[in-house]
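Chemist: Provided below for reference: sequence and predicted model.
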Amino acid sequence: MDQASQILTVCQGVVNLAYWIPALQKLPHPFSKPHFSAISSLRPERLSINMAGLFGLYVPPDLAHPFFSRVTHLEIVDWPCRMLSKFEALPALTHLALSLQTHDEETVDELHSILASCSRLRVLLCLVEGEKTMIDAAEAFASFDSDFDSRLVILSESEYMGSWEDSLHGNSDICQWTFAEALVTEKQGAYSRRLLE
């Protein structure tokens, strides 16, 4: 970790950052030194993080911190649903990906809240483990609310590193953001056609 912190200290122009710290590493305080001190002056635009590793298990992060001010694409690979939902504090956020562990009514309510409070959000990508879980989650969400916001996309979780690299290299055939945007456009078109009938 010290080597990564040293590299980030001299690379202050980082725009794309994947910052995954092993969750077993207990941090006594959110943004504890030396980890956050190495990245706090960065202003990434695309960010992929694991919350438990970076902020600890029980302390919600301050999303109003300037570190998050330019983030347009945020992926949280271990979203603690009940702990973090103030995404409206991110002024540039247009794309949000969350790894979901559950797809119960409380999770659906939380996703509704995110969509309602983040009007600039173009895609809310919910990543679940496996295709069967993806189908189960879609059915559960539909049973709680049949007119769910078209910006919500549920996909089977891919390998994080490969997906992250694909999004940076613009490989549109496999980039999760490109695929999710296409699904949102398709759902919005279908909704418009239904209104015209």
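Modeler: Now that the structure is in, tell me what you want to look at. Numbering: from 1, shown residues only.
Chemist: and the spatially closest residue to residue 20 that is not a sequence neighbour, what does it touch?
Modeler: Spatial nearest neighbour of residue 20, excluding adjacent residues (CB to CB, 6 or more residues apart in numbering): residue 50 at 4.9 Å. Yep, even glycine has a C-beta here, placed from its N, CA and C like the rest. By CB atoms under 8 Å, 6 or more residues apart in numbering, residue 50 lies in contact with 19, 20, 21, 23, 76, 77, 78.
Chemist: contact partners for residue 120?
Modeler: 92, 93, 94.
Chemist: same thing but 7 Å
Modeler: Shown in contact with residue 120 (CB atoms under 7 Å, 6 or more residues apart in numbering): 93, 94.
Chemist: A helix includes residue 127, no?
Modeler: No - assessed with DSSP: H, G, I helix; E, B strand; the rest coil, residue 127 is strand; it does not lie in a helix.
Chemist: that one: neighbouring residues, count only.
Modeler: The local packing of residue 127 (other CB atoms under 10 Å) involves 25 other residues.
Chemist: residue 17 now?
Modeler: 19.
Chemist: for it, give the beta-bridge partners.
Modeler: Note on residue 17: beta-bridge partners residue 47, judged by DSSP bridges.
Chemist: so what's it up against?
Modeler: Residues near residue 17 by CB under 7 Å, 6+ apart: 42, 44, 47.
Chemist: look up the closest residue to residue 131, ignoring the ones flanking it.
Modeler: Nearest to residue 131 is residue 156, by CB to CB, 6+ apart, at 5.0 Å.
Chemist: mind putting the contacts of residue 50 in JSON lines, secondary structure, pLDDT and distance to residue 112 included?
Modeler: Converted to JSON lines, these look like this (DSSP: H, G, I helix; E, B strand; the rest coil; pLDDT from 0 to 100; distance: CB to CB, whole Å):
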{"residue": "19", "secondary structure": "strand", "pLDDT": "81", "distance to residue 112": "28"}
{"residue": "20", "secondary structure": "coil", "pLDDT": "80", "distance to residue 112": "28"}
{"residue": "21", "secondary structure": "coil", "pLDDT": "74", "distance to residue 112": "30"}
{"residue": "23", "secondary structure": "coil", "pLDDT": "58", "distance to residue 112": "28"}
{"residue": "76", "secondary structure": "strand", "pLDDT": "88", "distance to residue 112": "18"}
{"residue": "77", "secondary structure": "coil", "pLDDT": "84", "distance to residue 112": "22"}
{"residue": "78", "secondary structure": "coil", "pLDDT": "80", "distance to residue 112": "21"}
